[in-house]
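Asker: here is my input, please return the structure:
(2 chains)
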Amino acid sequence: MKAPALEFHRPDTVEAAVAILAEGDGAARILAGGQSLVPMLNLRVAFAETLVDIGAIRELAAIEDAGDHIRLGARVSHARIEDGEADGHCSGMLRHVARNIAYRAVRNRGTLGGSLAHADPAADWPVAMIALGVDVEISGSNGNRKLPVEEFMVDVFTTALQEDEILTGICIPKACPDLRWSFHKMRKKAGAFGEAIAAAVHDPESGFCRVVAGSSAIGGPQRLNLLETALQEGPADDDAIRDALTRTIGPLDRYEMQIHTVCLRRAIEEVRT
Amino acid sequence: MTRKDTGVGASLLRREDARFLEGRGRFIGDIEIPGMLDVAFLRSPLAHARIASIDTPEDADGRVFTAADLSDVKLVPPASKVPGHRIVAPPPMASNRARYVGEIVAACIAPTRAEAEDLVETLAPDFEMLPVIASMDDALSEDGPRLYDDWDSNVSMETGFDSGIDEIIANAPVKVTRVLDMARQAMVPLEGKGVLAYWSERDDQLVVYSSTQSPHQIRTALCEALGLQQRQIRVIAPDVGGGFGYKAILHPEEVIVAALALKTGQPLRWLEDRFEHLTAGANAREHRYEMNAYADDRGRVLAIDAKLTTDGGAYSVWPHTNGFDAIQASGILTGPYDIGGYRVKTQTVVTNKPPLSPYRAVARPGACFAIECTMDAVARAVGRDPAEVRLDNLVKPEAMPYKAITGKEYDSGDYPACLRRAMEMVAEAPKTPAPGRLLGTGYAIYTEHTAVSTSTISHIGIPMMPGFEQAAALMQPDGSLELRVGVQSHGQGMETTMAQIASQVLGMEPDRVVLRHGDTGLSPFSTGTYASRAIVMTGGAVAAACDKISVKLREIAAHLMQCEPSAVRLEDGLLKGPSATMTIADAAETWHFRPYELPDDVLRDGLEVTGGYRPDGDKGPFAYAAHAATVSVDPELGTVELIDYVAVDDCGTRVNPMIVDGQVLGGVVQGIGTGLFEESPFDDQGQPLATTFADYSLPTAAETPMIRLDHSETQSPYTRFGVKGVGEGGAIAPPAAVINAINDALRPLGAELCAVPATPKRVLGAIFDAQDRAKADLETAK
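Answerer: Below you'll find the predicted structure:
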């Protein structure tokens, strides 16, 4: 399968990219690493009249220390995170998540911002980012705004981005060095999307605490507030996890309930011990 | 007359690898013909539909073609001698009814593939949905839809065999019953299918480049379809990136591209992409076995009573039909065992899926899965170790040649020794379970009729029966040698092994030998590369051709040395007479350039010969192997990690042991795919659910443990050098070994899995079933 003809732009500033998006009237799409968009264009299940390649916008590739948080440019690749460029924060959780995304060839090109903006329900970063309570920065024709990532992730393949907006950066709060985290992904084989993902994070200093599950079967990342007490005060038994899943997501079949429950239980236990 | 360093038995590096590893291979996708256009197809989006109409844009004349434009193309129906076998050949394009998702409905041509796909999108087909037969159960439902209006059922073929087992059944103390399912899958060669065709005015020939295993077969079929003489089509298989059977059948795309190249006068090319392959090419396996084993209380199996159903898909592929899987599985279902009673019924049903096609080892992975899982179930029923029960049931070496109840004659081998070696290798590397994981080891052993001979399959009646094989050997004036063979090497390493055989017979360096293959314009006729036949059949023919060359060289040398030909020996590439020695090059050069040194009646027919081969007595060899898999199962998630794999095989004499290792390793990994990962599921509307690699899981290095190999070499009494074929074997045992290992691991839970691939969902399903049974038992007990 080959994509139909399309217009291609490679601006070198965020402003120029936003201007092209605004002109595109909804038919322009941002090309970051292209690891999801390009196959979808080729299969003709995604369409764009105009592609705006952000690969030449240098500021989007920056990693900077911004005081109380670390800011990753939206087109920082999974591979750079895997290789430790954003390490020293989150006690290695970023590195762990990055290392288990698809294959190295995909990680070399795929980006953190691209993953969030694509909003694939089975993707790893949305789960991890919600668990870490990050904010995302957005630029558009009407200026800049900042959102908590769980507000950014609206639904399956849907984000809060307007047609003329670009996700520019991800602000990850600095956690205490004793941050406890766990990220469990059950998959059919190495490199495959997760069948069930569970993340648990607990910052003993600030008391920050989150439990998030994700997968296509449960419609993308789901924060499970009901389990956050268990994470702090514990223990979380399977009945409590099943109850939290059902009340948050609705009924699941026996297989889905089992794998999500087990991943969540293992994640919570790992953080608690 | 032998060279141990470069002849039969030498592990020479593969001569073809340098060009592949450096990206210098030449595949269909690398070939450019001036003026060439690309073809894209409109394929049916529905599994069963009436095609009411297809509107094409007005300016698309000469660029869009439908079945109506191919009305002069004849159908090429496969043949069958099975009584009552109902066969429908796939039409190149569906005319008024489409019968599977991906069936071709129209062809569009344009300068690039992307533009051809744009053109496809401008077509406005009007499909009317028809009721769908999406599974074997749908096909067999009494009041369900019928795929063919004039058929009274969806059963295409039924076969049966009964050695008379009623008495055994009545008296056997142990009966074990299992229903075993093997899923449908795709073959997924690295290189997809591809075809390129153009008319060559100078040669008065249609030149067809095809990514095929069987150039002469395809030529025969295309001539039939297009009404051309066989001299008018040249089929060339350039470098081919894996075949596995997918490229041993006639594809509709080959017919369409060839027909349209003739019709338009333009060079046309079609390259299959992965989406097409995983959709229209989801055509392999899908067997269901209902196995009943009758045994004594030690687990000695007395009789097998089996029923096999295969999902044949919508049509019968040429040349094998949809019945090949059922026929082959039922012919080898008793495996390497000495079993006295056998009854089997098979039925092949038609459904709204791609037509079933033979995949590496055809039905043996299914048959091995069925008998080997049953063997484990028998062992469990009598409370004995499955490997020990196997040893009691295997054909003993002293019984060779052994006539099986199926009528097959197993030629040679020591099956129990092979299994014992695998058991030893397992014991040499004991494993300990990780916390929370269950460990299990499973065995599977098979025997495989390789290089199937005429008598073996003549009862099937396929149109192109293998039998004789030929090879041409052309001695060049400088003493180098060109071999020309009709088989096609697409991973088997024949450019190396055939040169080794020439080296063995003529004593020359393999570097002085070249193999030309896969081109009807160059080589003698062959039915092609399949059924693990090339090293037996073509190897035999190459040796025969080299024998003839040897006689001729010695005749020349005898004249030049003034002695009798019988006094000349060919050793280490030298012709040695009683008083003199000369090189092969000296002899060849004399005949070509210095005829005045020879009498005018010597060797008039020259130094270019064709040698032939057919196994003695038309018998085929049986290669065999014992495999052992060890798995670590996470019983909470149903995930399976393969942590050890052992394969001990015997393929007779190994012409190149390193290449044999490669064939076995590749086969094992493909078999692991069948056992653990690969599946082409369809929903109840016949829609394929795994159409990209995101959903179709292939095993990779990460899922494959270090595979430990060992070999024995029992020479076949029937073949040149005692070789047996090895191309398919590795893929046969893994599904069975893996499932037996998983069931060994699941024993403490009382769970048993009877289906492949063993996805986490299936493994957990088996565990849930066991939990439900335990709960129900508890309720009853209360």
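Asker: so what's the residue count around the residue in the stretch 651-782 of chain B positioned nearest to chain A?
Answerer: Nearest residue of the stretch 651-782 of chain B to chain A, counting by C-beta to the nearest C-beta: residue B:702, 3.5 Å away. C-beta here means a position set from N, CA and C on the backbone, and glycine is covered the same way. Neighbours of residue B:702 under the rule other C-beta atoms under 10 Å in any protein chain shown: 9.
Asker: pull the contacting residues for it.
Answerer: With contact set as C-beta atoms under 8 Å, 6 or more residues apart in numbering or on different chains, residue B:702 has these partners: A:189, A:190, A:191.
Asker: filter those down to the ones near chain B?
Answerer: The subset of those lying close to chain B, counting by C-beta under 8 Å from any C-beta of the partner chain, consists of A:189, A:190, A:191.
Asker: top of those residues by neighbour count?
Answerer: residue A:191 (18 neighbours).
Asker: tally of neighbours for the nearest residue in space to that residue that is not next to it in sequence?
Answerer: Spatial nearest neighbour of residue A:191, chain neighbours left out: residue A:103 (4.7 Å); criterion: C-beta to C-beta, 6 or more residues apart in numbering or on different chains. Residue A:103 is flanked by 13 other residues according to other C-beta under 10 Å.
Asker: got it, and the one 10 residues further on?
Answerer: Neighbour count of residue A:113, defined by other C-beta under 10 Å: 25.
Asker: same check on residue B:363?
Answerer: For residue B:363, using other C-beta under 10 Å, the count is 28.
Asker: could I get the phi/psi values of it?
Answerer: phi -90, psi 0 (degrees, to the nearest 10).
Asker: so who does it touch?
Answerer: B:287, B:310, B:324, B:325, B:326, B:327, B:328, B:329, B:332.
Asker: which SS class is the residue in the stretch 351-500 of chain B positioned nearest to chain A?
Answerer: Going by C-beta to the nearest C-beta, chain A is nearest to residue B:436 of the stretch 351-500 of chain B, at 9.5 Å. Using DSSP: H, G, I helix; E, B strand; the rest coil, the structure places residue B:436 in coil.
Asker: these two touch, right, it and residue B:633?
Answerer: No. Assessed by C-beta atoms under 8 Å, residue B:436 is found out of contact with residue B:633, at 10.1 Å.
Asker: does residue B:542 really touch residue B:501, like I thought?
Answerer: Yes. Between residue B:542 and residue B:501 there is a contact under C-beta under 8 Å: 4.9 Å.
Asker: who has more neighbours out of the two?
Answerer: Comparing residue B:542 with residue B:501 by other C-beta under 10 Å, the one with more neighbours is residue B:542, at 34 against 30.
Asker: quick check: closest non-adjacent residue to the more buried one.
Answerer: Nearest to residue B:542 is residue B:471, by C-beta to C-beta, 6+ apart, at 4.4 Å.
Asker: the one you found sits in which helix or strand?
Answerer: Using DSSP states H and E, residue B:471 maps to strand B:469-475.
Asker: what packs against that strand?
Answerer: If you count contacts as 3 or more C-beta pairs under 8 Å, 6 or more residues apart in numbering or on different chains; DSSP states H and E, strand B:469-475 packs onto strand B:481-485, helix B:534-561, strand B:608-613.
Asker: list the strands paired with the shortest one, with their directions.
Answerer: Pointing back at strand B:481-485 there. Using DSSP bridges, strand B:481-485 pairs in its sheet with strand B:469-475 (antiparallel), strand B:513-517 (parallel).
Asker: any chance of CSV for those, columns mean neighbour count?
Answerer: Below are the strands paired with strand B:481-485 laid out as CSV (neighbours: other C-beta atoms under 10 Å in any protein chain shown):
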stretch, mean neighbour count
strand B:469-475, 24
strand B:513-517, 22
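Asker: dump those strands into a markdown table; add mean pLDDT as well.
Answerer: Shown next, in a markdown table, are these (pLDDT from 0 to 100):
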| stretch | mean pLDDT |
| --- | --- |
| strand B:469-475 | 97 |
| strand B:513-517 | 98 |
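Asker: how about a markdown table for the ones you listed, with distance to residue B:740 added?
Answerer: Below are the strands paired with strand B:481-485 laid out as a markdown table (distance: least, C-beta to C-beta, whole Å):
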| stretch | distance to residue B:740 |
| --- | --- |
| strand B:469-475 | 37 |
| strand B:513-517 | 39 |
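Asker: the stretch 1-150 of chain A against chain B: which residues are in contact?
Answerer: Counting by C-beta under 8 Å from any C-beta, the stretch 1-150 of chain A sits next to chain B at A:1, A:2, A:3, A:4, A:5, A:39, A:43, A:44.
Asker: of these, which is the most crowded?
Answerer: residue A:3 (20 neighbours).
Asker: so what's the residue count around the residue nearest to that one when sequence neighbours are not counted?
Answerer: Spatial nearest neighbour of residue A:3, chain neighbours left out: residue A:41 (4.0 Å); criterion: C-beta to C-beta, 6+ apart. Number of residues near residue A:41 (other C-beta under 10 Å) recorded here: 21.
Asker: residues contacting residue A:41?
Answerer: A:3, A:6, A:47, A:48.
Asker: just to revisit the earlier point, chain center to the strand holding residue B:471, what's the gap?
Answerer: 25 Å (C-alpha atoms, centre = their mean, to the nearest Å).
Asker: how about the residue in the stretch 151-273 of chain A that chain B sits nearest to: what's its closest non-neighbour residue?
Answerer: Per C-beta to the nearest C-beta, residue A:190 is where the stretch 151-273 of chain A lies closest to chain B, at 3.5 Å. Sequence neighbours aside, residue B:702 is the residue nearest to residue A:190 in space, at 3.5 Å (criterion: C-beta to C-beta, 6+ apart).
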